[in-house]
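J.: this is a predicted model, with the sequence first.
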Amino acid sequence: MLSSTPKSAGMTLHLRHLLLLFPLCLAFAAPVNDSNDKPSDVSPGPADIKADGKPEGKFSTSRPSEAKGANNDKNASAADSDFAQGIMLQALSLIGVTYRWGGNTPETGLDCSGFIRYVFQQSMNIALPHNAFAISRLGEDVERDELKPGDLVFFNTLGRRFSHVGIYLGDDRFIHSPSTGSKIQIVSLKDAYWLKHYNGAKRVTQASVAERQPILAQLMAEERASEPRGKHGKHGRHGASKHAGGGKSGHHSRKHR
């Protein structure tokens, strides 16, 4: 007569396995109560429909168009962030490059508008003119308290508006190529000199450039015509200005472009 011990032991082992697997199955089958994982737009499924055709229980009343709008806002915000980050990284990599009037490359030196032009071309593939005043006509106006990193800040340094330009970095700081004998550097927008000569800010994007570039000459002519006669000089491509107050900002006789 054969012993039944091995068979009963095997059955006991299988039973233990089943008992162990049962709570695991329950755990995987249980719904996760996490609001963060819920979709923003939930429609009732077949199981939620009563016999009379009306949905049973609570469900989101948000419309697909609303959810789509929210997604578009998120995408736009992410695109703006990438835009600003690309500009700032490129600009910061040029700290220490020597100022050179008319300069187009870091190797030969960059003037103020040449610096802006190079940064936008390399980071965003946006072609800008090599002139601060012309650049100012290609962007949307931005209020001082609405400045964002990547915006362009303009100054009246030559007795005419928009004669100098830099890139806003946040925390009231901007980066620019100042003048002959200096290098690309970060300065404070709260500095007395820059506060006095602050001219406004522009947000230059691919869309704004595409819209305004074809009528750039007209926009420049309109801005010049709006200036009080005898107060501002012509918007040439260079000029010299003597600035009071030296110190760390180095406001001395300089050329801007």
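T.: Cool, got the structure.
J.: what's the span of stretch 206-220, first residue to last?
T.: 19 Å (C-alpha to C-alpha, to the nearest Å).
J.: oh, that last question was meant for stretch 126-137, not what I typed.
T.: End-to-end distance of stretch 126-137 (C-alpha to C-alpha): 15 Å.
J.: quick thing: my sequence starts at 27, can you match it?
T.: With the count now opening at 27, the last piece we talked about shows up as stretch 152-163.
J.: please enumerate residues in contact with it?
T.: Defining contact as C-beta atoms under 8 Å, 6 or more residues apart in numbering, one finds that stretch 152-163 is touched by 128, 130, 138-140, 142-143, 146-147, 164, 178, 180, 186-191, 226, 228, 230-232, 235, 238, 242, 245-246, 249, 261, 263, 282-283. In short, each C-beta sits where N, CA and C put it, glycine included.
J.: and what of stretch 113-122?
T.: 132, 136, 141, 144-146, 148-150, 175-176, 193, 195, 201, 209-212.
J.: what's the answer for stretch 127-146, then?
T.: So stretch 127-146 is contacted by 113, 116-117, 120, 123-126, 152-158, 161, 178, 190-193, 202-204, 206, 210, 230, 264, 281-283 (C-beta under 8 Å, 6+ apart).
J.: among the contacts of stretch 113-122, which lie within helices?
T.: Those of these mapping onto helices are 141, 144-146, 148-150, per DSSP state H.
J.: ChimeraX command to pick out the buried ones of those?
T.: Selecting only the buried entries of those in ChimeraX, with 16 or more other C-beta atoms under 10 Å as the criterion:
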select :141,144,145,146,148,149,150
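J.: so which of the ones in helices among the contacts of stretch 113-122 is the closest to Leu221?
T.: Taking C-beta to C-beta as the measure, Leu221 lies nearest Phe141 of those, at 21.4 Å.
J.: and the closest one, what pLDDT?
T.: pLDDT for Phe141: 98.
J.: can you check the one 4 residues further on too?
T.: The confidence metric pLDDT takes the value 97 at Val145.
J.: columns distance to Trp220 on top of the ones in helices among the contacts of stretch 113-122, output as JSON lines?
T.: Output for the ones in helices among the contacts of stretch 113-122, formatted as JSON lines (distance: C-beta to C-beta, whole Å):
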{"residue": "Phe141", "distance to Trp220": "16"}
{"residue": "Tyr144", "distance to Trp220": "22"}
{"residue": "Val145", "distance to Trp220": "19"}
{"residue": "Phe146", "distance to Trp220": "22"}
{"residue": "Gln148", "distance to Trp220": "25"}
{"residue": "Ser149", "distance to Trp220": "24"}
{"residue": "Met150", "distance to Trp220": "25"}
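J.: what is the nearest of the ones in helices among the contacts of stretch 113-122 to Asp217?
T.: Proximity of the ones in helices among the contacts of stretch 113-122 to Asp217 (C-beta to C-beta) peaks at Phe141, which lies at 18.5 Å.
J.: which residues of this protein fall in helices?
T.: Counting by DSSP H, the helices of the chain are 31-55, 90-118, 138-150, 158-162, 218-223, 232-238, 242-251.
J.: fine by me, thanks again.
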